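**Q** Structure for the following, please:
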Amino acid sequence: MIDLELTFKVIRDDGSGVLKKLLARTVKAVTRNISGGGALLLTGEALKPGDRIEISLRLQSSETAVNILAEVTRAGVEGAAVRFLHVATESDEVLQGMIRQKLRYSVRSNMTPQEALEMARKEYFLRMLDEELSSRNM
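**A** Numbers count the residues shown, from 1 in each chain. All right, here's what the predicted structure looks like:
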């Protein structure tokens, strides 16, 4: 299990199809059971299923900033379970290489370039999470 400190802001649809940040302030949370697809966030902030949040975290082992758009799938007194919708990391050579590899793969499959890019970002994020866990277990 890996616990990471992070911050997030709640984003809501204003009814016109435009997503707006609901909270001007940044809220702190701690992850539990984080994976490439989602996490449990321990926070005192009242969240409800369907809420979208913008998560920001920095992985200590790689000094990499990660920004994640996530959707709340379950919420309770202790926190909320979220599903990651979009992961964006600081660009570096490893990520660029993974993106090139996925784009080549997309040509041979029915995957769009956007889907290939998203797959590369998620795989890169998983690699960084593995490095973070390894560095904390040493």
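**Q** looking only at pLDDT, what's the mean for the longest helix along the chain?
**A** The longest helix of the chain (DSSP state H) is helix 113-136. For helix 113-136, the per-residue pLDDT values average out at 76.
**Q** can you check stretch 39-55 too?
**A** 90.
**Q** Buried residues of it, list them for me.
**A** Residues of stretch 39-55 classed as buried: Ala39, Leu40, Leu41, Thr43, Glu45, Leu47, Asp51, Arg52, Ile53, Glu54, Ile55 (neighbour count, 16 or more other Cβ atoms under 10 Å). C-beta coordinates here come from the backbone N, C-alpha and C atoms, glycine included.
**Q** The helix or strand harbouring Thr7 pairs with which strands?
**A** Element membership for Thr7, per DSSP states H and E: strand 5-13. Note on strand 5-13: by DSSP bridges, its sheet partners are strand 19-21 (antiparallel), strand 27-32 (antiparallel), strand 52-59 (antiparallel).
**Q** Now do the same contact list for Glu71.
**A** Counting by Cβ atoms under 8 Å, 6 or more residues apart in numbering, Glu71 touches Gly50, Asp51, Arg52, Ile53, Val82, Arg83, Leu85.
**Q** Kindly confirm my reading that Glu45 is in a helix.
**A** No - under the criterion used here (DSSP: H, G, I helix; E, B strand; the rest coil), Glu45 is coil, not part of a helix.
**Q** Which helix or strand contains Val82?
**A** Here Val82 sits within strand 79-89, counting by DSSP H and E.
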